[in-house]
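Enquirer: sharing a sequence plus its predicted fold:
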Amino acid sequence: MLDRFTERTMDLEYTQEQEEFRQELRSWYEENLPDGWLEGERDIPEDGEEREEFLRDWQSKLHEGGWAGVHWPKEYGGRGATLVEQLIYNEETARIDPPPSISVIGTDFVGPTLIAAGTEEQKERFVPNILDGEEVWCQGYSEPEAGSDLASLQCEAIDEGDTYRINGQKIWTSYAHYADWCFLLVRTDKSGPKHHGITAVLVDMNQDGVSHEPIDQIVDDSTFNHVYFDDAVAKKEHVVGDVDDGWRVAMKLSAFERSALTQAFALEKSFDELVEYCKNTERGGKPLSEHTTVRQKLAELDSRIQAGKLTYYRNVSKQMKTGEPGPEGSMDKVFTGEIKQDLERFKTKLLGPEAAVWDEDAPGGRWQTSYLQSFGTQIAGGTPDIQRNIIAERVLGLPKDAKE
Amino acid sequence: MLDRFTERTMDLEYTQEQEEFRQELRSWYEENLPDGWLEGERDIPEDGEEREEFLRDWQSKLHEGGWAGVHWPKEYGGRGATLVEQLIYNEETARIDPPPSISVIGTDFVGPTLIAAGTEEQKERFVPNILDGEEVWCQGYSEPEAGSDLASLQCEAIDEGDTYRINGQKIWTSYAHYADWCFLLVRTDKSGPKHHGITAVLVDMNQDGVSHEPIDQIVDDSTFNHVYFDDAVAKKEHVVGDVDDGWRVAMKLSAFERSALTQAFALEKSFDELVEYCKNTERGGKPLSEHTTVRQKLAELDSRIQAGKLTYYRNVSKQMKTGEPGPEGSMDKVFTGEIKQDLERFKTKLLGPEAAVWDEDAPGGRWQTSYLQSFGTQIAGGTPDIQRNIIAERVLGLPKDAKE
Amino acid sequence: MDFSLTEEQERMKETVRGFLEDEGGVELARRKMDGDETVVDELWDSVAGMDYTALTVPFEYDGLGDDMVYLALFLEEVGRFAAPGPFAETLGFAVPLINELGTEEQKDAYLSSVADGDTRLSVALHDEANETPPETVTMDAEVTEDGYVLDGTKPLVPYADNVDTLVVATRTRDEGGYGGVSLFLVDTAEVETTPVETLDGTRPLYEVEFDDLTLDEDALLGPLHGGGDALRRGVDRLNVCASAALIGGADEAVDRSTKHGNEREQYGHPVGRFQAVKHRTADMWMNMQGGRSLVYYAAWALENDDPDAPRAVASASAFVTEECTTIFGDDIFNHGGMGFTWDHDAHIFLKQARTWETFLGSPEEHRERVAEARL
Amino acid sequence: MDFSLTEEQERMKETVRGFLEDEGGVELARRKMDGDETVVDELWDSVAGMDYTALTVPFEYDGLGDDMVYLALFLEEVGRFAAPGPFAETLGFAVPLINELGTEEQKDAYLSSVADGDTRLSVALHDEANETPPETVTMDAEVTEDGYVLDGTKPLVPYADNVDTLVVATRTRDEGGYGGVSLFLVDTAEVETTPVETLDGTRPLYEVEFDDLTLDEDALLGPLHGGGDALRRGVDRLNVCASAALIGGADEAVDRSTKHGNEREQYGHPVGRFQAVKHRTADMWMNMQGGRSLVYYAAWALENDDPDAPRAVASASAFVTEECTTIFGDDIFNHGGMGFTWDHDAHIFLKQARTWETFLGSPEEHRERVAEARL
């Protein structure tokens, strides 16, 4: 019965090596972030081209520092970090909140997919240009008539020998306005069942047949785009996986997407900011932090955030041991997404009448934006309804929704 | 443009006549309730037979006082009350909380259905014995394999000339242990679509072929029963409506059910009791009524209860004018049902550690029971899921659930 | 007891709805959001042409003498389209206040002119953008021999550039709550206004500066130091007006979600077949109906000076602003990605609800008032 | 950093689960609810036969020296079946407390005996059934020349008739909070016990009367007037034990709802196809997982004397008792009418969660502790 003592039991301390990794990253950020960034001057140019240049520069800095592909294998220029190191990377990055990575689609989704499922030629051609921001990627999945329901997609690829001619429309495409390449799902066969006949192909965005148009969002900003393919051309050698088998490739990529990250660390950061505000803001003659209603809500949010974060820890720890993420990972998006919305809504409420003001420089401008953004975060990549279906069906084994 | 002034606008005052009606009812209750009832000694015998006798006596008193069929037409022995008078009746009755009416299935559901859809013979034979409690009714709808989904019912009636021979099982049958008659749904035709071939028939409960068994509930009480029909006999002349057309008759009856009542008045009573408790109970050195968390929750519950009650008023007022209930009526069960559960749960929480105690005589015994009962109230007569479907489909016009 | 609408009231709602649809519906709000400065004037004139600016003005000043319930019904329809304009501020706040407190001269000067559509008013309430009424009112008005001198800044004045006159709340005596408050009627020509960027782009806010502004005796509205009680009632009326407008928007949101649920197909079904969508929409509808009942009752109680009015208003405000914020958010979710775009209407209403939710007191503060009344 | 279970821990959970299933599973709880007074003894003996009564007893007293995390995992499985017995009280509360505070004699007297399964303990904490710890502790213990005299009544003592000894909390000095508290070890043979009717029929409560009971010096556990700190930690441990048991029950509730969702047909479909049922079950599962994470962390923090432990315990207690009450209620809803019957298991767990939700402090009180730590 005593064999249990040969294994280490649950342990929430980090090893010295892990702490060093954390320290290395912290120091790198401190030295390399744009001037004033850590003091809160987060000036990213608003203008399109300047902005792109700024972001590409930042990506190349990240790459030079060795922080562009923390989770990538070393042979592909990554850091080959363990899951716990990735966790530390995510935690510190959320705390620092550096400029966004323009190459996130490439580093987090396309790169790992090509490494896993691409041909040797594809790997050689594309993978090296991802981490340094040389080539920026987007992914073309959703269509106006195929939102969550990818199987209905219609964007058409006609076989022309060595190439495909592509016509159709994609929607909700992040980074399309910067992207050099697109990981695109097209329909190559209309005859079979809807999941069949979809092909994943890499398409050059810098050609005449491709155009894009920003989608204005409720935050009065546009990070999503319509992308139009009008006799665009893709080489057949750029098909990823087998022709007509793109559904499976896409599902694989979407698994990368789901297991990639947690919002929990960003929630902690936002929560800490809230705590500071409550300590330093008076209402009705005493700090908000002494109002019972505020204290109760803060405590409730704290418990939920910690529940989300600790569940993420459990999932990562399990994956470290077994190589497979545990079922706990499935809940992260919807669980933390709903906390996010609740937290940001609460923060804007605390602003009082001033919540009416929406100026980036106003006290609550950024909070209002975060609140609005929380809707987008929940919807993009699968609404809460879809996520609950996934949990119910894939984790718990409940029956699928009724079909006609 | 001035024609508006010829109509009275919204008015929440009662007429003198209505106030007199309320006073008459109040006085009658004060004079006729069992001794000590108004002072909180609500002793209803626990023993089955004694209990039945007590309840039948009370019903006959109600009848003598003219309060058994407030909403029934005068020609059938009712009071022919207007909807507003019914509202006043319901409000006062909730406030007084008298012993339950053993004849409630008869007075609220079966009687009105027979008056609307019964034959002259049926009306003559059955209706006069309902109000005075001479004959107690139950209704046999749900079956183990057909809960919400009445169309699946299997309880079978075989045509034997002037009679039906009935075999099958019903479940969730309230008052079956007291009932003399049952308003029963049986299957008379298995060949057609499932909604077809159901017949509504009145069955004598006092015959050998009928037996019942109580269903123990989580409140450790049994007001529901299994009812078994084992070669029971019903006369064909007791079919209500047309043979095979019982589905429509049942839907009509279920419309009576839905528009009949609101829980809002009972919620107000329960809320008032809570307010008294909070004023008179100290915790941590001050009355609960001075705890911010308590005050916030009380206020939230108050708003919701009032929203429920006022919506009921709007519905009744509309029905007074147009003869048809408005769509607002559809929300009462689920809206007030959820408040009920939330309110009762909150009340038990306020008891502190003593909430562990479950003695009818203990401070919170009755509250714990009410909390548990709140689940039954929500589930019986259509779960919240079903109610939301009804609202979405019938009121809003959203599509029906997918069918195979 | 009759808590339903009269036939005439139903008809008015339909008329206003049709009228506003003809004027452009929610495009009116979008024009305002896009910076079109003419839309408020144009719409106000059209509304005046229909006599609706006269709604709450008493008969003797050429008005229609309608009550708060009627106004709430009108504002439901305005709110259905988030139509821009100081309707609540003028018809719901200023007119009843002037009618209650004003001298004959003040009534003569303002009421008929409002009825005719020639005068619009708003309210300068907040000094502390971070506090809620009555603690918002801190600006001094100095009493001098020549009248009064106002000096200070009101940071959140709605529609200041679109109205002729402001009701300005000042504190002339250092008393708590609504005590020691004096109200003034100030022409907007006499003050400096600076627009503020707002979350709700349909309802502009301005910073208004009073630079040692000297006012005559006749600018004082109501008793010196004693305008607080009336202001409280005025704020209550404004709260009910805001809630009524949100309920109208919520009614429209239910329709929008229902339409989408029937038309949009995913996985081979109209999305409204999925219970998550169905039940969310049913909840939107129920909470809209519940909120509507609270609003009608609060309007009735205010109109009838019912002692329950302050509780009824607080109750309606807490419930409606909170639930409507949720309703408009749910409308976004029901529409998936489309709901998150600028072109979809949900966000217009969401931002409006989020603004009202704390503009005149948070739900928690309203609930404290409810508790005070019940306990 | 490793926040997953070891293989051995996973195996232990499976073993305990299988063992309890063989012993009767949830029927054990039903026997207790039906008044079978033998089930607690029988089950305890079986558990002792598996050495699990030795879990938290240190090696030097023939125990297995396991930590709070291990105990929490064990109690998850106990809680899965609502298995009756003073497991939390003995192994989670009394053993660590005696180990921390006890004299060598006291440790000798109790610890090995608990490990062997011969001794069971419980805690007499509440004097005021309407207050929560530490305000619950008001009973005096008079200090005399011969020792101590206890006089009073403890109204809510769990398992008093099923245990040998009670840890009794008294207040010997009039200090606030946990100050001035003295703890005593009292044999149940020396007190009078009267059963109380309880909501949760699996965990009996007793009124325990101390009738001028004179105790020797050696009945004192820990320092006179100074037992409060240890009691606070003991109450924290008890809270974590209770939450762990509820999480086990919640895990089982998810399974039960899932099974029903697949098997029960209505309208021609398994009911689990309806998103209302699916999504409710997914929510049950998510909140169970979130609560489980909080419980494991709180257990780890307690075991490691982490300064975050009090916050972590309060956080877990508030979240778990509240969410589990909801989870068990949702299990009822998922089962429709059947869920509301005595024969269905959901109510057993619902009543347990409802009891724990306020037995050692309400969620609101726990949240106040969390806020205290964060602000």
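Expert: All right, it came through fine.
Enquirer: SS state for the residue in the stretch 101-250 of chain C that chain D sits nearest to?
Expert: Residue nearest to chain D within the stretch 101-250 of chain C: C:Asn130 (18.9 Å; C-beta to the nearest C-beta). The C-beta positions use only the backbone N, C-alpha and C, and glycine is treated the same way. Assigned by DSSP: H, G, I helix; E, B strand; the rest coil, the conformation of C:Asn130 is coil.
Enquirer: gap between the residue in the stretch 1-150 of chain C positioned nearest to chain A and C:Leu231?
Expert: Residue nearest to chain A within the stretch 1-150 of chain C (C-beta to the nearest C-beta): C:Ala129, separated by 3.9 Å. Distance, C:Ala129 to C:Leu231, using C-beta to C-beta, to the nearest Å: 18 Å.
Enquirer: neighbour count for those two, which is higher?
Expert: Per other C-beta atoms under 10 Å in any protein chain shown, whichever of C:Ala129 and C:Leu231 has more neighbours is C:Leu231, with 25 against 22.
Enquirer: what residues does the stretch 151-300 of chain C put near chain D?
Expert: C:Phe274, C:Gln275, C:Ala276, C:His279 (C-beta under 8 Å from any C-beta of the partner chain).
Enquirer: the lengthiest helix in chain C close to chain B?
Expert: Ranked by residue count and defined by DSSP state H, the top helix of chain C is helix C:228-263. Yes. Contact of helix C:228-263 with chain B (C-beta under 8 Å from any C-beta) involves C:Val254, C:Thr258, C:Gly261, C:Asn262.
Enquirer: residues contacting the nearest residue to the third one once chain neighbours are set aside?
Expert: If you skip the residues right next to it in sequence, C:Gly261 has C:Gly272 as its closest partner in space, 2.4 Å away by C-beta to C-beta, 6 or more residues apart in numbering or on different chains. Listed by C-beta atoms under 8 Å, 6 or more residues apart in numbering or on different chains, the contact set of C:Gly272 reads B:Ala392, B:Leu398, B:Pro399, C:Thr258, C:His260, C:Gly261, C:Asn262, C:Arg264, C:Lys278, C:Thr281.
Enquirer: most neighbours among these, which one?
Expert: Busiest of these [other C-beta under 10 Å] is C:Lys278, holding 30 neighbours.
Enquirer: before we move on, could you check phi and psi at the closest residue to that one other than its chain neighbours?
Expert: Spatially, and ignoring its direct neighbours in sequence, C:Lys278 is nearest to B:Ala392 (3.9 Å; C-beta to C-beta, 6+ apart). With angles defined as degrees, to the nearest 10, B:Ala392 sits at phi -60, psi -40.
Enquirer: from B:Asn225, how far out is the residue in chain C that chain D sits nearest to?
Expert: When distances are taken as C-beta to the nearest C-beta, chain C reaches nearest to chain D at C:Gln275, 3.8 Å away. Distance of C:Gln275 to B:Asn225, given as C-beta to C-beta: 31 Å.
Enquirer: count of residues packed around the residue of the stretch 301-404 of chain A found nearest chain B?
Expert: Nearest residue of the stretch 301-404 of chain A to chain B (C-beta to the nearest C-beta) works out as A:Ala402 at 3.8 Å. By other C-beta under 10 Å, the residues close to A:Ala402 number 19.
Enquirer: verify the contact between it and D:Gln275 for me.
Expert: No. Using C-beta atoms under 8 Å as the test, A:Ala402 is too far from D:Gln275 to be in contact (9.9 Å).
Enquirer: still on that earlier bit, residues contacting the residue of chain C closest to chain D?
Expert: C:Gln275 sits in contact with B:Asp385, B:Arg388, B:Asn389, B:Asp401, D:Phe274, D:Gln275, D:Ala276, D:His279, where contact means C-beta under 8 Å, 6+ apart.
Enquirer: and with 6 Å instead?
Expert: D:Phe274, D:Gln275, D:Ala276 (C-beta atoms under 6 Å, 6 or more residues apart in numbering or on different chains).
Enquirer: okay if I get those as CSV plus pLDDT?
Expert: CSV is the format used below for these (pLDDT from 0 to 100):
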residue, pLDDT
D:Phe274, 94
D:Gln275, 96
D:Ala276, 96
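Enquirer: nearest to chain B, of those?
Expert: D:Ala276 (4.2 Å).
Enquirer: wait, what's in contact with the nearest residue to A:Ile215 once chain neighbours are set aside?
Expert: Closest residue to A:Ile215 apart from its sequence neighbours, by C-beta to C-beta, 6+ apart: A:Phe224 at 4.5 Å. Shown in contact with A:Phe224 (C-beta under 6 Å, 6+ apart): A:Trp172, A:Ser174, A:Ile215.
Enquirer: the stretch 301-404 of chain A: helices as residue ranges?
Expert: A:332-350, A:365-379, A:384-390 (DSSP state H, counting those that start in this stretch).
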